[in-house]
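1. how does the following fold in three dimensions:
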Amino acid sequence: MVRLKDVARLAGVSITTVSHVVNQSRAVAPETRARVQRAIAALDYRPDTVARTLKSRRSRTIGMIVTSADNPFFSALIRGVEDHCFACGYSLMLCNADDVDDKQVAYLETLLERRIDGLIVMTSRNGPGFLAALNRQALPTVMLDAAATPRPDIAVVNDDSRLGARLAIEHLLARGLDDIALLTGPADHPRSEERLAGARAACEAVGLALPASRIIVTNLQADGGHAAMRTLLNKGPRPQAVFAFNDLTAIGALRAAVDAGLRLPDELSIIGYDDIDIGRYASPALTTIHQPIYELGATAIAQLIERLEHGRPFDPVTALPPSLVIRESVRQRLP
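-> Got it, this is the predicted structure:
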């Protein structure tokens with residue numbers, strides 16, 4: 001095993017100098033640093049990260065618990081976190097918990113055993129056991145798609161879902177579409193609640209009611225959108241438009257409408273939420289609300305690292321603005 005003193009001997013410097021170069025703990029003259037780095041490369045020296053963690057009480061590792069990295073939304077968000085981690089010299093440990101409470105708790109315990117410096121949580125639903133376990137420790141944590149919390153060691157980063165839903169409904173209304181169905185997420189999903197409130201507010205602003213029969217709860221997956229659209233088409237007069245609370249649901253609904261022989265957007269308009277890449281390749285291309293997914297991840301990790309590196313207090317809630325992306329799945333206004 002190659003040790004610091006072996007690197008120091010080859011580079012012709014002290015062990016302390018090698019330590020400063022490896023740990024970036026003090027400025028070292030450029031020519032000396034280069035000599036040490038050449039010795040490190042020649043000997044294939046690798047620092048003992050376990051020993052360094054125990055000594056410094058810092059692992060320079062961030063833990064992240066997500067629902068599933070397979071979901072295109074989560075993939076883009078994880079990229080935003082990972083890119084910033086790498087740029088700042090941190091490693092990322094990713095855990096896919098599938099919104100299962102026992103798995104969330106188990107992964108949290110595993111990450112704590114690995115002595116992570118901070119945690120990012122991006123799940124569709126947080127189980128009671130996981131929330132209780134999270135509340136028992138004071139690890140700096142940033143949660144996404146979550147409700148605000150009074151705890152100073154937990155920050156929340158979201159998009160402004162009320163605004164996004166208003167933009168979606170206003171876009172449909174501007175095109176003369178006032179019989180609108182909503183494909184929502186579970187009632188206890190914070191972003192779904194916010195989007196429902198924004199949609200209702202936009203309708204009420206023009207004196208339009210949203211009947212309960214036009215609000216269908218889905219699992220926010222493509223199969224849920226497909227099933228919800230079939231329900232809408234089978235139980236009575238079809239709506240003029242559908243606002244799905246995420247793009248996967250919208251794409252499932254679009255497929256069901258096409259399978260039923262409807263011409264989109266002439267006979268039915270559909271608008272989604274998120275602006276995942278696959279939406280632009282749907283047929284017709286999906287009109288949607290752009291959620292700044294990559295930026296959400298980058299903002300979350302930037303806040304966490306600022307807290308870890310500089311002791312900066314968390315902003316309790318950060319809301320990033322969404323925007324409308326017009327493509328082909330919503331009809332133009334009729335003359």
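2. could you point out which element follows the lowest-mean-pLDDT helix or strand in the chain?
-> The helix or strand of the chain with the poorest confidence is helix 49-56; it has a mean of 50 (mean pLDDT, DSSP states H and E). Next helix or strand after helix 49-56 toward the C-terminus (DSSP states H and E): strand 61-66.
3. C-alpha coordinates for that following strand, PDB please?
-> Backbone C-alpha positions of strand 61-66 (Å, rounded to 0.1, in the frame of the first residue of the first chain) are rendered in PDB as follows:
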ATOM      1  CA  THR A  61     -20.500  12.800   0.000                       C
ATOM      2  CA  ILE A  62     -24.200  13.700  -0.500                       C
ATOM      3  CA  GLY A  63     -27.000  11.200  -0.200                       C
ATOM      4  CA  MET A  64     -30.000  11.400  -2.500                       C
ATOM      5  CA  ILE A  65     -33.300   9.500  -2.100                       C
ATOM      6  CA  VAL A  66     -35.600   9.600  -5.200                       C
END
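4. so for it, mean pLDDT?
-> Model confidence over strand 61-66, given as mean pLDDT, is 95.
5. so what touches it?
-> By CB atoms under 8 Å, 6 or more residues apart in numbering, the surrounding residues in contact with strand 61-66 are 74, 77-78, 81, 85, 90-97, 104, 107-108, 111, 114-123, 301, 304. From N, CA and C alone the C-beta is placed, and that goes for glycine too.
6. can we see that at 6 Å?
-> 74, 85, 90-95, 97, 107, 111, 116, 118-122 (CB atoms under 6 Å, 6 or more residues apart in numbering).
7. then stretch 7-25?
-> 4, 5, 26, 28, 33, 35, 36, 39, 40, 43, 45, 47.
8. list the buried residues of that stretch.
-> For stretch 7-25, burial by neighbour count (16 or more other CB atoms under 10 Å) applies to 7, 8, 10, 11, 13, 17, 18, 19, 20, 21, 22.
9. which ones among those map onto strands?
-> Using DSSP state E, no member of these falls in strands.
10. pull the most distant pair out of the residues you listed.
-> 10 and 20 (16.4 Å; CB to CB).
11. residue 179 against residue 240, yeah?
-> Yes - in this structure, residue 179 is within contact of residue 240 by CB atoms under 6 Å, at 4.4 Å.
12. more crowded one of those two?
-> residue 240 (18 against 13; other CB atoms under 10 Å).
13. before we move on, back to that, now the contacts of stretch 7-25: which count as buried?
-> 4, 28, 33, 35, 36, 39, 40, 45.
14. good, we can wrap up now.
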